[in-house]
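Peer 1: Here is my input; please provide its structure:
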Amino acid sequence: MTNRNKTLGEFIIETQHSFQYSSGELSKLIHALRLAAKVVNHEVNKAGLVDILGAAGDTNIQGEDQQKLDVLANEKFIQSLTNRGIVCGIASEEEDHYIEVNSQDENHQNKYVVLIDPLDGSSNIDVNVSVGTIFSIYRRITPVGTPVKMKDFLQLGRNQVAAGYIVYGTSTMLVYTTGHGVNGFTLNPAIGTFYLSHPKIQFPSDGKIYSVNEGNYIHFPQGVKDYIKYCQEEDADRPYKSRYIGSLVSDFHRNMIKGGIYMYPKSSVANKGKLRLLYECNPMAFLAEQAGGKASDGESPILDLVPTELHERVPFFCGSKNMVDKLEEFVSKYK
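Peer 2: Model (predicted):
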């Protein structure tokens with residue numbers, strides 16, 4: 001069987017022996033995410049035909065306006081994960097607090113917690129720009145059979161057992177890792193099946209793309225400003241191309257395929273940055289490192305940061321290793 005004929009289900013069965021805990025729950029969890037992704041993909045693709053575009057009228061815990069599709073995606077992923085009886089807790093960008101699952105059942109054996117951004121880049125949905133879902137999976141550290149606690153979610157990024165994203169674009173792809181490389185699967189919408197289309201994805205060590213919201217340039221730290229100027233200078237392999245979609249999943253996916261760096265630094269208007277450590281930066285950092293790339297807050301590896309709260313924000317620089325190294329070199333001049 002060629003890679004392009006291999007389904008996600010077949011791939012999971014073939015590779016589950018490499019999981020640290022190969023009891024089958026993690027495989028079922030990936031299946032649950034796959035199912036929810038297909039449902040959300042269906043809704044995204046008909047967004048212009050039914051009344052699910054625009055603001056829902058509420059704000060989330062971050063103070064951001066919720067889009068109707070944010071709410072729908074959140075409901076679908078939570079529903080799919082809880083119905084499988086695998087997870088003991090879920091944390092979502094759209095929820096103030098984490099959700100306990102089966103906390104009243106003393107006999108439950110659920111071992112995993114999931115942190116999720118159900119619809120990253122949803123502010124772009126009205127103008128038909130690619131959006132995505134980001135997920136992060138940990139094995140709980142509190143005793144099985146007891147209610148999940150906050151410390152089950154506030155773990156180092158290096159403790160992740162799996163992470164990935166779904167990008168809803170010209171084609172719908174699910175990209176994930178369980179700590180043994182990164183593989184991408186493309187949905188065949190005619191039959192609703194994901195096929196292995198991008199095996200063993202690797203970040204090019206160098207790239208020619210930098211992705212940053214340059215509209216915020218005046219607010220950036222000087223080291224980041226200097227690096228952006230470096231990217232724009234005429235040289236043997238520069239200037240780099242500026243490419244910024246405004247959807248983390250889409251920008252990350254392009255850079256991983258083509259080589260590049262994504263930047264969302266702290267600024268004078270957002271002194272901790274904007275992206276959330278637990279369900280945006282950590283899963284993307286895990287994927288980046290598994291694909292030979294690098295992720296940093298400008299000084300330290302993202303996966304080594306100790307989280308202190310569920311919706312914590314951090315500066316984020318991620319992409320081709322040599323490009324992130326160079327960014328850190330510029331930032332270090334102004335410590």
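Peer 1: how long is stretch 198-207 end to end?
Peer 2: 19 Å (Cα to Cα, to the nearest Å).
Peer 1: Please identify the buried residues of that stretch?
Peer 2: Buried residues in stretch 198-207, counted by 16 or more other Cβ atoms under 10 Å: 198, 201, 203, 204, 207. Quick note: C-beta positions are derived from backbone N, CA and C, even for glycine.
Peer 1: and residue 176, which of the three is it?
Peer 2: Assigned by DSSP: H, G, I helix; E, B strand; the rest coil, the conformation of residue 176 is strand.
Peer 1: pretty sure it contacts residue 160?
Peer 2: No: if you go by Cβ atoms under 8 Å, residue 176 and residue 160 don't touch, sitting 10.9 Å apart.
Peer 1: low-scoring stretches of the stretch 1-150 of the chain, by residue?
Peer 2: For the stretch 1-150 of the chain, applying pLDDT under 70 flags the ranges 1-4, 18-23, 46-67, 103-107.
Peer 1: the strands in it, which residues?
Peer 2: 55-59, 65-67, 87-92, 99-100, 112-120, 131-139 (DSSP state E, counting those that start in this stretch).
Peer 1: Identify whichever of the ones you listed lies nearest to residue 5.
Peer 2: For residue 5, the closest of the strands of the stretch 1-150 of the chain is strand 131-139, at 25.5 Å, according to Cβ to Cβ.
Peer 1: what about the nearest residue to residue 40 once chain neighbours are set aside, how many residues close to it?
Peer 2: Spatial nearest neighbour of residue 40, chain neighbours left out: residue 73 (4.9 Å); criterion: Cβ to Cβ, 6 or more residues apart in numbering. A count of nearby residues for residue 73, using other Cβ atoms under 10 Å, gives 29.
Peer 1: Would you confirm that residue 73 contacts residue 118?
Peer 2: Yes: using Cβ under 8 Å, residue 73 is in contact with residue 118, at 3.8 Å.
Peer 1: Nearest the middle, which residue of this protein would you pick?
Peer 2: residue 134 (3.4 Å; Cα atoms, centre = their mean).
Peer 1: Surely that residue touches residue 119?
Peer 2: No: the criterion here is Cβ under 8 Å, and residue 134 misses it with residue 119 at 9.4 Å.
Peer 1: okay, and the common contacts of residue 73 and residue 118?
Peer 2: Jointly contacting residue 73 and residue 118 under the rule Cβ atoms under 8 Å, 6 or more residues apart in numbering are 40, 133.
Peer 1: re the thing from before, please work out how many residues are found near the nearest residue to the residue nearest to the centre of the chain once chain neighbours are set aside.
Peer 2: With Cβ to Cβ, 6+ apart as the measure, residue 117 is the residue that lies nearest to residue 134, at 4.3 Å, once sequence neighbours are left out. Residues near residue 117, counting by other Cβ under 10 Å, number 28.
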